[in-house]
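Participant: dropping the sequence and predicted coords here.
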Amino acid sequence: MSYVKTIMAGLLASAAMATAVTACEVTLRSSDTHPDGYPTVAAVNAMGAMLEERTDGRVCVEVFHSAQLGEEKDTIEQTQFGVIDLNRVSLGPFNNIIEETQVPSLPYIFRSVEHMHNVMDGPIGQQILDAFSDHDLIGLAFYDGGSRSFYNSEKPIRSMADLKGMKFRVMQSDMFVDMVSAVGANATPMPYGEVYSSIQTGVIDGAENNWPSYDSSGHFEVAKYYTLDQHLIVPEVLVMSKKSWDKLTPEDQVLVKQAAVDSVPVMRDLWVAQEKASEDKVRAAGSEIITDIDKTPFIEAMVPVYEKYVTSDKLKDMVKRIQATE
Ligand code: GTR
């Protein structure tokens, strides 16, 4: 058994014992677009197991995976209203609502996943988590989302010229529409759950995402050309409804926050393993992976995106501090 599997098995067993003794007084309903077993779903389950154990079974988490509670944009609204208690989402769909989330969503802002971790684990990450509280949400913790690259059903993309005129789905964020225009293609913002059939029917040529999502969504079946341009390293976030948070005692609030923080290393380990497994799976299934791509023109093409979105002193300062982070 791997290290993570052992931790998970232990946590789930103690949570089961705790539940047997005391029934949950509070069950926090959590949303995720991904299927059961996906690292984000497993991480929130691990968080729930820790919370249940630490509250002697009083406070539990139930994860509704596979977009059972809706697509991300709608579930964010429902979380703000207090209909959903917890939500694990990409920062992308927050871009139009919370300006601070645009900064770590900028194309090529991070030099590597390690750079992203150093930023998001420090004061800039905290500043972004704090920004959620002006929007009826509590930012609990950041998760990994790897790096996102373009994939399509038509042809191998080896340069920006190949992208010209093609149509790609993006998350519902204006900044991502401009990002795709900046490389000469057209963008259609659309919920994740509509992407597979839209590629299949030719409404769009492709989309962009990380290895695990390209795999688990089945998009690799309809869009076999995956170009490793790695234009985005967008962190994911676990948020809680401010309404649900305010119903907890201050002691339980501390325990919820701590369990979320403690689920981060579990998530990171699962993520690394899943990236590898997904890459191997799609390669074996016949995806053509284009790795010989010069990122420099892509990076240069993003200047207008920075100029359009990084306008306030606050965001300019955040960008500078990110660039200065090791
Ligand atoms: C995934 C991310 C999801 C969702 C999805 C998308 O990588 O984990 O939260 O944002 O991408 O593209 O909609």
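Facilitator: Noted; the coordinates are in hand. Numbers count the residues shown, from 1 in each chain.

Participant: end to end, how far does stretch 95-109 reach?
Facilitator: 15 Å (Cα to Cα, to the nearest Å).

Participant: sorry, slip of the keys, the one I care about is stretch 189-202.
Facilitator: Stretch 189-202 end-to-end distance (Cα to Cα) = 15 Å.

Participant: contacts for it next, please.
Facilitator: 33, 67, 71-73, 152-153, 169-173, 176-177, 188, 204-207, 217-219, 222-223 (Cβ atoms under 8 Å, 6 or more residues apart in numbering). For every residue, glycine as well, the C-beta is placed using N, CA and C.

Participant: which secondary structure elements does the longest helix along the chain contact?
Facilitator: Counting by DSSP state H, the longest helix found in the chain is helix 250-284. Helices and strands touching helix 250-284, by 3 or more Cβ pairs under 8 Å, 6 or more residues apart in numbering; DSSP states H and E, are helix 3-21, helix 39-54, strand 59-64, strand 137-143, helix 211-216, strand 236-241, strand 288-290.

Participant: where among those is average confidence lowest?
Facilitator: Mean pLDDT per stretch puts helix 3-21 lowest among the helices and strands packed on helix 250-284, at a mean of 54.

Participant: re earlier: could I have the ChimeraX command that selects the buried members from the contacts of stretch 189-202?
Facilitator: Restricted to buried positions by 16 or more other Cβ atoms under 10 Å, the ChimeraX selection for those reads:
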select :33,67,71,72,73,152,153,169,170,171,172,173,176,177,188,204,205,206,207,217,219,222,223
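
Participant: contacts with the ligand among the contacts of stretch 189-202, please.
Facilitator: Contacts with the ligand within those, as defined by Cβ under 6 Å from any ligand atom: T33, E72, M171.

Participant: can I get those in JSON lines including pLDDT and secondary structure?
Facilitator: Below are these laid out as JSON lines (pLDDT from 0 to 100; DSSP: H, G, I helix; E, B strand; the rest coil):
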{"residue": "T33", "pLDDT": "98", "secondary structure": "coil"}
{"residue": "E72", "pLDDT": "97", "secondary structure": "helix"}
{"residue": "M171", "pLDDT": "98", "secondary structure": "coil"}
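
Participant: TSV please, covering those and showing distance to G184.
Facilitator: Shown next, in TSV, are those (distance: Cβ to Cβ, whole Å):
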residue	distance to G184
T33	29
E72	27
M171	20
